[in-house]
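the sequence and its predicted three-dimensional model are supplied below.
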Amino acid sequence: PLKDLGGLTLTVCGPIAGCGSTASYFTWDFTTGNEVDEIAPYITDTYPLSDPLDPAYPNRNVSRSPIFTVDFSESIDATTVIDGPGHPLAGNIILERLDGSGGTVTLTIDNTLMSAVIIGNGFRFSLIDPSLLDEFTWYRITVVNIEDLCGNAMAEPLIWEFQTNDNAPGVRSWSPKGNN
């Protein structure tokens, strides 16, 4: 039998207050709380590292095919992160190639070359194969205008940089070597 979170067996609605039934559906009346969420979501963790106070910032050893992660303090509204086809929402998630650390933008990566997915209280995004970032190159990520489920937007954008290494997906070596 089907049970609720309290372990009680769910059965056909009986003659109790707030419960009605027909041949094809059940209805329940309920009351929600009266508290309003007015706290803006904020980023709690990222990959690559985004905290300039961390001695390891900026990451200078990021793969050419990274999976970027952005975690928030609470659940976020997927419509402020992902567009209909599953790409990062243009204008809210921006990946740019730079001409050096703290440099000027040489290219904004087209969001249709990336895919995004909601995971827990955040999201992940990555390049769609066979796209790769350039090796030993600086990039900047900007995350802005992400909202929580109550419509509260981030108070300010988060912008951070990282540098790629020369690692790309694939087989780098194998063992044993030979003709067998």
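Okay, I see it.

excluding chain neighbours, what is closest to the residue nearest to the spatial centre of the chain?
By C-alpha atoms, centre = their mean, the mean C-alpha position of the chain lies nearest to residue 123, the distance being 1.0 Å. Nearest non-adjacent residue to residue 123, counting by C-beta to C-beta, 6 or more residues apart in numbering: residue 81, 4.9 Å away. C-betas here are computed from N, CA, C, even on glycine.

how many residues are close by the one you found?
Residue 81: 23 surrounding residues under other C-beta atoms under 10 Å.

what does residue 125 give?
Residues lying near residue 125 (other C-beta under 10 Å) number 24.

make residue 1 into 3 and carry on from there
Happy to do that; since the first residue is 3 now, the last one works out to residue 127.

separation between residue 139 and residue 102?
9 Å (C-beta to C-beta, to the nearest Å).

of those two, who's got more company?
Using other C-beta under 10 Å as the criterion, residue 139 and residue 102 rank with residue 139 on top: 18 against 11.

how about the contacts made by the residue lying closest to that one once chain neighbours are set aside?
Excluding the flanking residues, the one nearest residue 139 by C-beta to C-beta, 6+ apart is residue 166, at 5.3 Å. Applying C-beta atoms under 8 Å, 6 or more residues apart in numbering, we find residue 166 in contact with 64-66, 68, 135-139, 141.
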